[in-house]
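Asks: quick one, structure for this:
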Amino acid sequence: MKTKYIIAFAACLVLFTACHKPGTVQVKNDISGVKIRDVRWGDIYLAGELLPGQSSDKYTVDWFTDDLPATYKVSFVMTANNQQVYLETTEEFTLDEDDELLIVLDDKTKVKN
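Replies: Residues are numbered from 1 along each chain as shown. Below is the predicted model of the structure:
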């Protein structure tokens, strides 16, 4: 009897994990002349510091991390001329299941303080 429950539980677990395909998110700093640090997509930490032209590592988002699809803004601290300012994008970025999201921050990216 106990074996039936274990088999049923294992089958449910396999079925549940097979239904959720992870996605990846990555951010690239194309803002000219500034470095950005403490880069986050929602509450997910993506990078410590990115110089112009650099990209973060790909971060895998699965059902342990967050439910997909997930939509968040990007926040970061921008540093230029020994000045720092906390910024957040006005646009939200959506990651779907089994998707690769590359967020490119450039001079035209709309942000708020």
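
Asks: and stretch 93-108, how far out from the chain middle?
Replies: Computed by Cα atoms, centre = their mean, to the nearest Å, the chain-centroid distance of stretch 93-108 equals 8 Å.

Asks: how about stretch 83-96?
Replies: Centroid separation for stretch 83-96 versus its chain: 11 Å, with Cα atoms, centre = their mean.

Asks: now do the same end-to-end measure for that stretch.
Replies: For stretch 83-96, the first-to-last residue distance is 36 Å (Cα to Cα, to the nearest Å).

Asks: buried sites along that stretch?
Replies: Using 16 or more other Cβ atoms under 10 Å as the test for burial, stretch 83-96 gives Leu87, Thr89, Phe93, Leu95. C-beta here means a position set from N, CA and C on the backbone, and glycine is covered the same way.

Asks: contact partners for Lys4?
Replies: Taking Cβ atoms under 8 Å, 6 or more residues apart in numbering, we find Lys4 in contact with no residue.

Asks: quick one: the helices in this structure, in order.
Replies: Applying DSSP state H to the chain gives helices spanning 2-19.

Asks: low-confidence ranges, it, go.
Replies: Applying pLDDT under 70 to the chain picks out residues 1, 5, 7-19, 64.
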